[in-house]
Every structure is written in C-alpha cells, then in structure tokens.
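In: got a predicted structure here, sequence first:
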Amino acid sequence: MNDLCNTSSIFILCGDFNIDYRKDSHRKYSLESLLASFNFFSTVTFPTRNFKHSGTQIDNIYVNTYKLDFSVYPFVNGFSDHDAQIIAFTDICTPTPRQSFTMIRRVDKSTIANFAYLLSYETWDDVFSETEVNVTYNNFLNTYLRIFYASFPMVKVKIP
C-alpha cells in the first residue's frame with residue numbers, strides 16, 4: 001500500500017468498473033475520491049460499451065502521473081459489446097538495468113546421456129492408454145517436459 005503513495009512510482013489501473021462515467025452519481029464520485037487519494041485520475045473520455053443505440057463509459061484507465069505524455073483511444077475488437085481501450089505513452093525513457101548474469105540450460109554429454117537414460121525407462125502408459133487425442137498429447141508433453149527439465153537444469157552464468 002505504501003508503494004501507491006510513492007509519487008515516483010507510476011501505476012496504471014484499468015478495468016471494467018461498472019460505474020458509468022457519463023452520468024453523475026454517488027458511486028462515480030466515491031470512486032473518484034478514493035482513487036484521487038492515491039493520485040489516480042481517469043483518462044478515458046469516450047463510450048466504452050455500446051449496445052444498440054446507447055453507450056456507457058464503464059471501462060476506464062486510471063494513471064497516477066501527469067508527468068508522462070499519453071493518449072487514450074478506443075479499439076473495437078468485435079468480441080464483445082465492450083470496446084478495448086489503448087493507452088499509448090510517448091517519450092518514455094527507462095534505463096535498462098545491466099544484468100551481471102543470465103540463466104541457461106546446462107547441456108553437455110552427461111546431461112544428454114541422462115536425458116536418453118530417463119526416456120528409455122519411461123513406460124508411457126498414460127500416453128498409450130488414452131483414446132482422446134488432446135489428452136494423449138498433453139500426457140506425452142507433460143512426461144517429456146518433466147524429463148527434459150530434470151535432465152537439463154537451468155544454471156546461472158556470469159555475463160562478461
């Protein structure tokens with residue numbers, strides 16, 4: 001909760017709040033007051049749900065910064081009577097932290113031999129006894145990946 005009050009942190013809060021921002025109501029003012037106490041403000045100014053001949057603005061995006069330049073616009077996706085909202089920030093410069101290590105899989109003669117050994121002792125009963133093709137595939141994949149991940153562990157490698 002303390003992170004929300006930190007003015008150097010930038011947060012984006014979005015969702016279907018089921019409060020129509022096109023109409024004045026107690027629920028709208030209560031939500032605005034609550035979010036304003038954490039420096040959040042609404043960015044959506046257009047209808048987000050269109051049904052027959054009416055529109056509501058019940059989906060919203062809230063941000064807690066005036067520092068960044070952004071624009072918000074609707075995206076009609078055709079999957080729902082709710083339109084998607086897209087917020088586009090411009091001129092965001094974030095430093096990319098330099099990692100001193102990376103994670104890779106250890107693959108060598110020993111791990112390959114262990115992989116082949118474990119595969120040779122697998123009975124695959126749950127694969128061959130199943131008649132549903134999707135379940136058969138999932139059983140195969142689960143068994144294969146379990147052996148793969150056990151044979152080729154992730155190791156931390158220092159980046160020069």
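Out: Thanks, I have it. Quick caveat, the model's predicted, so the values are computed rather than measured.
In: those strands in the protein, which residues are they?
Out: Using DSSP state E, the strands found in the chain span residues 12-16, 41-42, 49-51, 54-56, 59-63, 69-75, 84-90, 101-105, 154-158.
In: so how far is the biggest helix by length in the chain off the chain centroid?
Out: Identified as the longest helix of the chain according to DSSP state H is helix 133-151. Taking the mean of its C-alpha atoms, helix 133-151 sits 25 Å from the chain's own mean (CA atoms, centre = their mean, to the nearest Å).
In: for the protein, give me the ranges with low pLDDT.
Out: Along the chain, the parts satisfying pLDDT under 70 run over 1-8.
In: if you set the cut-off to 80 instead, what comes out?
Out: 1-9, 45, 50-54, 65-68, 77-81, 90-99, 160 (pLDDT under 80).
In: would you map out the domains in it?
Out: Split into domains by automatic domain parsing, the chain comes to 2-90, 101-158.
In: deepest-packed of those, please.
Out: domain 2-90 (a mean of 14; mean count of other CB atoms under 10 Å). In short, each C-beta sits where N, CA and C put it, glycine included.
In: my read: Thr143 touches Leu119, true?
Out: No: using CB atoms under 8 Å, Thr143 is not in contact with Leu119, being 9.1 Å away.
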